[in-house]
Every structure is written in C-alpha cells, then in structure tokens.
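Chemist: Got a predicted structure plus its sequence, pasted below:
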Amino acid sequence: MLKNLCKKMFSRSLWVYHANSGGCNGCDIEVLNVLTPYYDAERFGIKLVGSPRHADVMLCQGPAMRSTAKALKRAYEAMPAPKLVFAIGSCACGGGLWFDSYSVIGPLEKIIPVNYYIPGCPPRPEAIIYGVAVALGLVEKKTAPVQLKQLEYPIPQYHPSDLHVRDELVVYEKLEKI
Amino acid sequence: MSILSKLKETIVCLKAGRVTLPYPAQPQPVPPKFRGRPIFDVAKCTGCGGCANNCPAREILVLDVCQEIRILKYLGRRCAYCGRCADVCPEKAITMSREFENATNSIGDIGQKLELFMSTCQRCGRCFKEPSPLEQLKMKGYRFDDLQNERWIFRSQSYIENEPVADDIKIEME
C-alpha cells in the first residue's frame, strides 16, 4: 500500500533534504557521492534542497542524539505532508556502535517515524541508490528474515528412570527402540 | 575571450565522455576486499557465543530457552560489518558476504535467527567443567595453535587467501 502511495505521490521527482543528527560524516560523504555524475541521482529526479519546507524526503544520518533530537523533530514537522524518511547507515537504523552511551538516545525511529532503512557503515552509494529505487518501486527488495534450524543429532537420550536392574545387570530399557 | 573559454570548456566536457554508471539496471561489482552482510551457517555453528562476545555493537544475542536449544539472534540493525565475528569464529561458520543491497522498509528483514541443538552429557545431563582455567583456554576456539610448543601464532588478518593486508601483523609470540 505504501508503495502504491509512493508511486502516486512521488511520480514526478523527489526533492531531498539531507539531515545529519550527529553522525561521523561518513554517510554524508556517501550521500554526496550519489549526487556526483558517476551515480547521477538526477536521472531519477532526485534533487538536493536546502530547506525541509521544500523537501519530500529526508535523508537522515546519525543516531538520535540528546542534543539534536529537538531540532530533528522540528525539521521533520516542517516538511509538507506526503513525506518519507530514509534512515541511512547503521547509526540511523539501530543506534550505531555507541548506542548505549549517554548522549545517544538510540535509533532514529525513537524520535521520528522511519519509512526505509539502508544499513551499512557507511552504505555504498549503490546501496543508497538501491534504497531509493526500492522506494520508487523500480526494483524489488532482496532481504528477507532468515530463520535457520539445526537438525537434532541422532544421539540416544539416556535418563536414569529408564535404567532397571535385571538379573544382576543394569539394563537400559529403551535401547532397542533407538 | 569569453566565447573562446566557453568553447574550451565544451571541448573539455566532450572529452570526458559519459561517466554515469548504469547502476540499478545493471549490477555493479564491488571491490575484492569488500565486506557485506555476515551470513551464518547453521550446520557449522557450535553455539560457543564467541561472536556475541566480540561484537562491538552487541548485535548478536544468545538466548538459552532450555538446556538443549540455544537461539543465536543476529539483528543486523547497527551492524558495522567490521567482520570481527567472522574473525573470531572457531568453526568459520560466519562468512562476510558481498551483499550490500540491504535496503528495506521493515528493519526485521535484515535479522537472522539460528536455532542450535546443544548436546548434553550422556551420563549426568549437564555440561562438564574443564579442570583448570588454563585447560579451559585450550578448549576449541582458544587453544594454542602450535600444540608441540604451546604457543600462539598470530595469523594474517586478510579476508582473501594469500593476499596480505597493508599492515599485516606477522608476530610469533614465544
């Protein structure tokens, strides 16, 4: 449903506001790399704007910090109504390596709702383009939750209650059944 | 003068040609030492929990639901793809894959959950304890590399075979 809404709402072009709430600037460099001629993001109509009031999409880097949380929330509220938030990098997705320190509140979704996640530390420029393409419906997402189970080993399970004394010998009763 | 400079600029621009990569239409190869998402192999994993101990982001959780089943949860949210889990794994059950296209709209998609069967002692039903801390160190994963001389040998930290890293440490401690 969100994808159809995106196609309808953002069919022309995405104007992007680039917000850093206390990251290390690694993700910022990758985002600016996307806008260079090598990964020409303007093919998809993506344009960097300087104000959240002009933007459709907020690209967020860095975790939710104690010092910048209020400013980030204000920037989010300043954006006009059909808006998307991209969390770029492992800091914005989950809080980063310093998730448990004093100044870090945690992942970005503790302050503002996040629509798309692009993990990586930092993500490659291709990964950022891929995330935007997923949001625009150009490509399908590749990840899915994985659940793996180890097969039980064929080891007989002994239990003292199954041991019985028979003719001066201790016999394990269930031995034949295994 | 200005027309000449513009013409010069045009020639420079035309010389450069087309540099834009046709990325989402065609796949883009990654550099050889790139580390992507870690992939856990459930058949090789012994459930020692070394990866959970070594993870700087505390991203791998070990849950013991009962005596025989241990659940290893990799959340992947704040994973920095540092490769320390793959480095420390004694069974080489974790491989750093080259997947980087992990963009998703729900964060739970990146996670991996492993259900491991932990065997118990056939006699007493409990895990036995090694006699001394030194003996415990000799257990799998922490044992000496050279058993004759009982010493550690630091191996290369490179992820590709036969290709050393820039500042590779080649120390042998006596």
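Modeler: That came in fine, so what should we check first? Residues are numbered from 1 along each chain as shown, chains lettered A, B, ... in the order given.

Chemist: Could you check how far B:Phe40 is from B:Lys73?
Modeler: 10 Å (Cβ to Cβ, to the nearest Å). (C-beta placed from N, C-alpha, C; glycine too.)

Chemist: Oops, could you answer that again for B:Gly111 instead?
Modeler: B:Gly111 is 7 Å from B:Lys73, by Cβ to Cβ.

Chemist: cool, and A:Leu84?
Modeler: Taking Cβ to Cβ, one finds A:Leu84 at 29 Å from B:Lys73.

Chemist: What of B:Asn105?
Modeler: Distance of B:Asn105 to B:Lys73, computed by Cβ to Cβ: 21 Å.

Chemist: again, but for B:Pro32
Modeler: 31 Å.

Chemist: Over to A:Leu148?
Modeler: 11 Å.

Chemist: who touches both of these two?
Modeler: Shared contacts of A:Leu148 and B:Lys73 (Cβ atoms under 8 Å, 6 or more residues apart in numbering or on different chains): B:Gln112, B:Lys113, B:Leu114.

Chemist: Among the residues you listed, which one is most surrounded by other residues?
Modeler: Per-residue neighbour counts (other Cβ atoms under 10 Å in any protein chain shown) across the shared contacts of A:Leu148 and B:Lys73 peak at B:Leu114, which has 22 neighbours.

Chemist: Now do the helices in chain B.
Modeler: B:2-16, B:50-54, B:84-88, B:133-137 (DSSP state H).

Chemist: Report the buried residues of the second one.
Modeler: Same thing as helix B:50-54. The neighbour-count check on helix B:50-54 (16 or more other Cβ atoms under 10 Å in any protein chain shown) flags B:Gly50, B:Cys51, B:Ala52 as buried.

Chemist: wait, isn't B:Leu61 in contact with B:Leu72?
Modeler: Yes: the pair B:Leu61 / B:Leu72 is scored as a contact, 7.5 Å apart, by Cβ atoms under 8 Å.

Chemist: more crowded one of those two?
Modeler: A count of neighbours by other Cβ under 10 Å puts B:Leu72 above the other of B:Leu61 and B:Leu72, at 22 against 14.

Chemist: And A:Ala75, its phi and psi?
Modeler: Note on A:Ala75: backbone dihedrals following degrees, to the nearest 10 are phi -60, psi -40.

Chemist: Based on its surroundings, how many neighbours for the residue lying closest to it once chain neighbours are set aside?
Modeler: Closest residue to A:Ala75 apart from its sequence neighbours, by Cβ to Cβ, 6 or more residues apart in numbering or on different chains: A:Pro52 at 4.6 Å. Here the number of neighbours of A:Pro52 (other Cβ under 10 Å) works out to 18.

Chemist: next one: A:Pro145
Modeler: Neighbours of A:Pro145 (other Cβ under 10 Å): 13.

Chemist: what's the distance between the closest residue to chain A within chain B and A:Val114?
Modeler: Taking Cβ to the nearest Cβ as the measure, the point where chain B comes nearest chain A is B:Arg77, at 2.8 Å. Here the criterion is Cβ to Cβ. By it, B:Arg77 lies 11 Å from A:Val114.

Chemist: hey, what's in contact with both of the two?
Modeler: With Cβ under 8 Å, 6+ apart, B:Arg77 and A:Val114 have common neighbours A:Pro107.

Chemist: tell me which helix or strand of chain B sits lowest on mean pLDDT?
Modeler: helix B:133-137 (a mean of 61; mean pLDDT, DSSP states H and E).

Chemist: Not counting its neighbours along the chain, what's nearest the residue in chain A positioned nearest to chain B?
Modeler: Going by Cβ to the nearest Cβ, chain B is nearest to A:Gly94 of chain A, at 2.8 Å. In space, and not counting its chain neighbours, A:Gly94 is closest to B:Arg77: 2.8 Å by Cβ to Cβ, 6+ apart.

Chemist: That neighbour and B:Ile107 touch, don't they?
Modeler: Yes: counting by Cβ under 8 Å, B:Ile107 is a contact partner of B:Arg77 at 5.8 Å.

Chemist: okay, the two: which has more neighbours?
Modeler: A side-by-side neighbour count of B:Arg77 and B:Ile107, using other Cβ under 10 Å, places B:Arg77 first with 22 against 19.

Chemist: backbone phi and psi for the more buried one, please?
Modeler: Per degrees, to the nearest 10, the backbone of B:Arg77 is at phi -70, psi -50.

Chemist: circling back: may I see the buried residues of helix B:50-54 organised as CSV, with distance to A:Gly22 and pLDDT added?
Modeler: Putting those into CSV (distance: Cβ to Cβ, whole Å; pLDDT from 0 to 100) gives the following:
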residue, distance to A:Gly22, pLDDT
B:Gly50, 32, 86
B:Cys51, 28, 88
B:Ala52, 27, 88
